[in-house]
Structure formats: C-alpha cells, structure tokens
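A.B. asks: no sequence on hand, only this structure:
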C-alpha cells in the first residue's frame, strides 16, 4: 500500500504550479548563443614544472589544480554552464526542477516544526538558476513561510560564477567585501529584500537551522584513485610522459601512500576504487551542523552506491574529453560514491537514498504538474519545450537514472510520534508512522 502524500505538501505543490506563464524563463535558458573558448596552456606548463621538480602528483592534486587554481583553474576563469559552456545542468534545462526542490525545502521546514529562522545554503550554485527557482517558490508560498526569517547563503569559489549569480539574484544590489580575506566576500539582497551572502568555504556559513542543497557539486571534488595489485592497494598518480614531455600520463605508485593506506576499506572487493576524501569531510561537516542545529541536506549528483570503479572523465564542448589533455580548459568529474558518503556521515543523522532523479521527481509530483501545465498551454512551441525538458529530466536513458538524490536529515525528523496519554487498551493500536519525506517515498496524489 502506497503511503499518501502529506496534505500540506500536496497543497504546496498545487499552489506553486498554478501559473504556467512562468515557463518563458526556461525557454530563454535553452536559446543562448555559443561563445568563443580561450585555451589556457599555462596550466599544463605549471603542472609539468611541478611534477618534474617534486615527482608525480595524486589525481586529487591534479583535479584541485586544474579546477580551482586561483589563476588558471577551470572553475575560476570559465563560465562553463549552459549551451555556451561544457555542460548543462538540470536547473538550466527546466525551472520545474528547481521549483520542485523549493517545495521539498518548504516541506522539510514544515516537518521540522517551522523554525523561526531558515537559512537556505547552496553549495556550488552555478549561474544561480536553482536558487532563483527556489526563491520564486518561497515568494509564491509567502503565506506559508512569511513568518520565518529567511536568508540565502551561497558557497562559491569562482569569481566568474559569483558575479553571474549576483546579477541573476540581486541585479545591481550586491557588493564585494573590501578585503579579500573576508569570510563573506560578497553581500546583496534580492528585489524582495531577502539577504544573500557569498562564501568560499562551508565552515564560514553561520550556524543555525539550515537546508543545504548540493546539485552537481560533489562530482567535481578531487578524488584519489586506487588500483589493486599483487602487492596490495596502490595509488594512481599523474606524471609527465618521458617520451612526450609536454604530455601527462597515469602511473601507479610503487609503494603504499598515506591515502592508499587509509582511504581504502579493508573489505573492498572492487579492483579499482575512487575515494573523494574532500567530499567525505564536507558530508561530516553537514552532518554535524544538522545534528546540532537541525535542518536537512539534499545532494543530487550522478553517482552510484558503491558499485562502480573507474568513472573519472572530462567534458569539453558537451563532449567527453581526455582528462589529462588541456588541463584547466575542460571540466573534470567523477561519479559520487554515495555508499562512502553514507558511511562517513555517521550515526548522528538519518540518511535517505540514494534514489534516482526519475523516482525523486515523480515522487514530488512532476507528472501531475506536467499534465496541468500542458492543459494550460496553447502554444505548440512551448508545449514541445515542456515535453522535451521533462524527457531529459526523467528519461532513464538521459538524466532520469544517471542522477541520484541523497538526503541527510536530523534524526528527530523521522522519530515516531508518541502515543497519546490515556488509559491503556488491551488491544493496542499501531503506533503512528513518522511523516513521509517528500521525494524519497513512493507517494500518491488524490
């Protein structure tokens, strides 16, 4: 028997998707004009010089330099999202994605007892599309969330993307900090007066009840790669090719490294393993904050539950790209191992999932909302945009099965409600079940 979707969440979704005219924004996202890409060969020179001086580097060090080097890093110097960039994310495809996540946030805020203060924290906010869509939900549900003190906190290392986010979310109402080492390096406010702050590190975000979003964030964090050999686990390193000194190659460390000795589980059966230690640290930080202050975290990324091996790859111009070619000019990514995140999160929080994006969105009611939108839409081009975006998000051969959703919740959120006081009956009634968590439970709509 399928549990029924909470009445409050049903009402939230119905109110958010009652205005089909908002879809013009999604159409604009898909119709940008491609721009010119500027190659950055200095990153390769920097890496080869470093390796020649100190020896092979870990894949994690290679990713960190190629993606976030403050001078030539890919995320620091490029606008990589959308048709002009190297990849497109779900919020760029359809604003219904962000609006459903906005409903999820409000639902979890209600499930936590409607705290007076709500911090919405997004890790790696891209161009600000997801945050914009979520805030639109909050504005439509003002009668529900109006009593809460709401603020938006964005964790972003890219100066290029932070400026795009500021323009999208605040227009001209933001300014950079006077000193570069300020924890909050930019502040602003939306047209509705909601405060927005930018940080380079999660630990700089103020404590308090928070809902954390991380969409396609963990896949870009540096990974260590390990290979099983006859002599035990060895770390895969990046070295200069001795025959072509302007090219890089993978090599296997001849002896154990600190990472290979500590990061591989003793019962690991796969022949090749990728471990994102930095992602593990971040999940532990999220877990500690949720345990101490309440809240939840929703992580959405392509990944697996401890089954895959070699997933490290590059993307350039929306195509697969050699990970060791043109460092700094292409995106580098690896599938998220959600079994690792679950293990390091610890016992202080409840972990949900992972479930596929298709399952999560359908549980959130995307089918019902699509039917309403299509019935309300008379323009053939707009209808096709809706159908195409729905297909990309939910089709198993596209994003539907490749992307997974994983949640961290305060344990009190899933606690079984206490039985009411009163005389005990000889035949005890079933204890009431905890309220379902939207998106992670198979839900029915009436």
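C.D. replies: Perfect, I can see it now. From a predicted model like this one, the values you see are computed outputs, not experimental measurements.

A.B. asks: hang on, residue 260 in a strand?
C.D. replies: No - according to DSSP: H, G, I helix; E, B strand; the rest coil, the state of residue 260 is helix, so it is not within a strand.

A.B. asks: and the nearest residue to residue 411 once chain neighbours are set aside, bridged to which residues?
C.D. replies: Here the nearest residue to residue 411 in space, its sequence neighbours aside, is residue 350; by Cβ to Cβ, 6 or more residues apart in numbering that works out to 5.2 Å. Quick note: C-beta positions are derived from backbone N, CA and C, even for glycine. Listed by DSSP bridges, the beta-bridge partners for residue 350 are residue 409.

A.B. asks: ok, now how distant is residue 350 from residue 342?
C.D. replies: 10 Å (Cβ to Cβ, to the nearest Å).

A.B. asks: quick one on the thing from earlier: what is the burial count for the residue nearest to residue 411?
C.D. replies: 20 (other Cβ atoms under 10 Å).

A.B. asks: got it, and the one 5 residues further on?
C.D. replies: A count of nearby residues for residue 355, using other Cβ under 10 Å, gives 19.

A.B. asks: now the end-to-end length of stretch 375-386.
C.D. replies: 12 Å (Cα to Cα, to the nearest Å).

A.B. asks: buried ones in that stretch?
C.D. replies: 377, 382, 385, 386 (16 or more other Cβ atoms under 10 Å).

A.B. asks: out of those residues, flag the one nearest to residue 298.
C.D. replies: residue 386 (24.1 Å; Cβ to Cβ).

A.B. asks: how about the nearest residue to residue 345, chain neighbours excluded?
C.D. replies: residue 287 (4.7 Å).

A.B. asks: SS state for that neighbour?
C.D. replies: Applying three-state DSSP: residue 287 is helix.

A.B. asks: pLDDT at it, what is it?
C.D. replies: Note on residue 287: pLDDT of 98.

A.B. asks: for it, what are its contacts?
C.D. replies: By Cβ atoms under 8 Å, 6 or more residues apart in numbering, residue 287 lies in contact with 345, 346, 348, 349, 408.

A.B. asks: recalculate using a threshold of 10 Å.
C.D. replies: Applying Cβ atoms under 10 Å, 6 or more residues apart in numbering to residue 287 gives the contacts 297, 341, 344, 345, 346, 347, 348, 349, 350, 351, 408, 410.

A.B. asks: that one and residue 355: what is the separation?
C.D. replies: 19 Å.

A.B. asks: please apply the same query to residue 195.
C.D. replies: 33 Å.

A.B. asks: between the contacts of residue 287, which is closest to residue 317?
C.D. replies: Closest to residue 317, out of all of the contacts of residue 287 and judged by Cβ to Cβ, is residue 341, at 30.4 Å.
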